[in-house]
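[1] predicted model and sequence follow; I will ask about them next.
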Amino acid sequence: MGLEKEKYLKIRKAQAQGVRTVEELKEIESLLRNACACKNVTIDEVVKAVENGADTVEKVGEATKAGTGCGRCKGIISDIIENKR
Ligand code: FES
């Protein structure tokens, strides 16, 4: 699964600087768990939609709103669908 470049750079920067606080750890955790930043949809929510029968990026969008903003996360959604087949 490809992480978006922006998130990847933020995580790498945090690693390089040394994460010190629980808040910083939580922020990284939420970045890693989030599938769609525009609509604030977690990877878990996308996985549940796929398990409930959403077998296309469009159907996941109808169920969760993920991928209905900028569309940048459609690759991640597609990866999740592929991995659940
Ligand atoms: S990040 Fe999902 S639509 Fe923009």
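    Yes, it's here. Numbering: from 1, shown residues only.
[2] which element is the spatially most central residue of the chain on?
    In the chain, the residue lying closest to the centroid (CA atoms, centre = their mean) is residue 35, at 1.4 Å. Residue 35 is located in strand 34-36, with elements delineated by DSSP states H and E.
[3] list the helices and strands that strand packs on?
    strand 41-42, helix 43-51, helix 74-84 (3 or more CB pairs under 8 Å, 6 or more residues apart in numbering; DSSP states H and E). (Glycine included, C-beta is placed from N, CA and C.)
[4] list the buried residues of stretch 10-30.
    11, 14, 28 (16 or more other CB atoms under 10 Å).
[5] okay, those in a markdown table with secondary structure, distance to residue 65 and pLDDT next?
    Shown next, in a markdown table, are the buried residues of stretch 10-30 (DSSP: H, G, I helix; E, B strand; the rest coil; distance: CB to CB, whole Å; pLDDT from 0 to 100):
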| residue | secondary structure | distance to residue 65 | pLDDT |
| --- | --- | --- | --- |
| 11 | helix | 24 | 78 |
| 14 | helix | 28 | 78 |
| 28 | helix | 24 | 74 |
